[in-house]
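**Student:** with the sequence up front, the predicted model follows.
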Amino acid sequence: MAKVGMGAVYTKTSDGKDLRRLLREEERGHLMTAYYDEHHKRLEQMVDEAIEAHKASLIVDCHSFPSIPLPCDQNQEVPRPDFCIGTDAYHTPPALVDMLLGAIRKEGFTVKVNKPYAGTMVPMNRYRRDARVQSVMIEVNRKLYLHEGAGEKTKGFEQTRCLVAGLLHLMQQ
């Protein structure tokens with residue numbers, strides 16, 4: 001996403017328009033230090049604490065996505081699934097993926113793995129080095145719970161919220 005101006009510090013909108021003036025290097029550095037670095041330092045700390053307490057850590061990276069691809073999206077396929085499960089070959093156990101796929105399909109929703117988005121978040125100090133750190137991304141198609149143009153909840157909001165809560169509960173077991 002950095003290639004299209006939507007990396008750690010956004011410079012472009014989803015349709016490629018300038019979001020803001022070009023930042024000076026020290027301005028960008030301040031944003032990186034204050035927000036990006038601080039967020040990742042806290043994530044690393046939480047993973048360390050989980051491993052200390054439980055001998056493992058599971059990161060669930062949750063997002064939503066629009067029903068129509070954004071101009072910046074690499075994957076422009078339509079229709080889009082109701083859910084997307086993002087994985088990492090090292091940090092996402094196949095059994096976890098299978099469990100999520102089964103639970104989502106059981107509720108009558110469509111789901112794809114790594115489409116339209118791929119990957120999941122893992123702290124860099126443990127990336128591909130520590131199998132105790134597991135991670136999965138759950139992306140929810142906004143059409144399930146939102147009038148996308150108006151930004152208002154639909155009748156499907158509560159069902160979607162319950163399903164995601166149920167998925168989180170399943171992963172705790």
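**Tutor:** Everything's here; your move. Numbering: from 1, shown residues only.
**Student:** quick check: which element contains Ile138?
**Tutor:** Ile138 is part of strand 133-141 when elements are defined by DSSP states H and E.
**Student:** what packs against the next helix or strand after that strand?
**Tutor:** Sequence order places strand 146-147 as the next helix or strand after strand 133-141, per DSSP H and E. Applying 3 or more CB pairs under 8 Å, 6 or more residues apart in numbering; DSSP states H and E, we find strand 146-147 packed against strand 152-153. C-beta: built from backbone N, CA, C; applies to glycine.
**Student:** tell me the first helix or strand C-terminal of the strand it packs on.
**Tutor:** The helix or strand immediately downstream of strand 152-153 is helix 157-172, counting by DSSP H and E.
**Student:** what mean pLDDT does that next one get?
**Tutor:** Averaging pLDDT along helix 157-172 gives 97.
**Student:** quick one: that helix to strand 133-141, angle?
**Tutor:** Counting by axes from the mean of the first three to the mean of the last three CA atoms, to 10 degrees, helix 157-172 lies at 170 degrees to strand 133-141.
**Student:** buried residues of helix 157-172, list them for me.
**Tutor:** 160, 163-164, 167, 171 (16 or more other CB atoms under 10 Å).
**Student:** in a markdown table: those residues, plus distance to Glu148.
**Tutor:** Listed next are the buried residues of helix 157-172 as a markdown table, based on distance: CB to CB, whole Å:
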| residue | distance to Glu148 |
| --- | --- |
| Thr160 | 14 |
| Leu163 | 19 |
| Val164 | 18 |
| Leu167 | 22 |
| Met171 | 28 |
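**Student:** checking Glu44 next. Helix, strand or coil?
**Tutor:** Recorded secondary structure, Glu44: helix (DSSP: H, G, I helix; E, B strand; the rest coil).
**Student:** ok, and the closest non-adjacent residue to it?
**Tutor:** Pro123 (4.4 Å; CB to CB, 6 or more residues apart in numbering).
**Student:** check the gap between His40 and Pro81 for me.
**Tutor:** Counting by CB to CB, to the nearest Å, the separation of His40 from Pro81 is 29 Å.
**Student:** actually Ala118, sorry about that
**Tutor:** 13 Å.
**Student:** got a list of what Gly7 touches?
**Tutor:** By CB atoms under 8 Å, 6 or more residues apart in numbering, Gly7 lies in contact with Met1.
**Student:** so how far is Met121 from it?
**Tutor:** 14 Å.
**Student:** can you give me the helices for the chain?
**Tutor:** For the chain, the helices defined by DSSP state H cover 25-31, 38-54, 94-106, 157-172.
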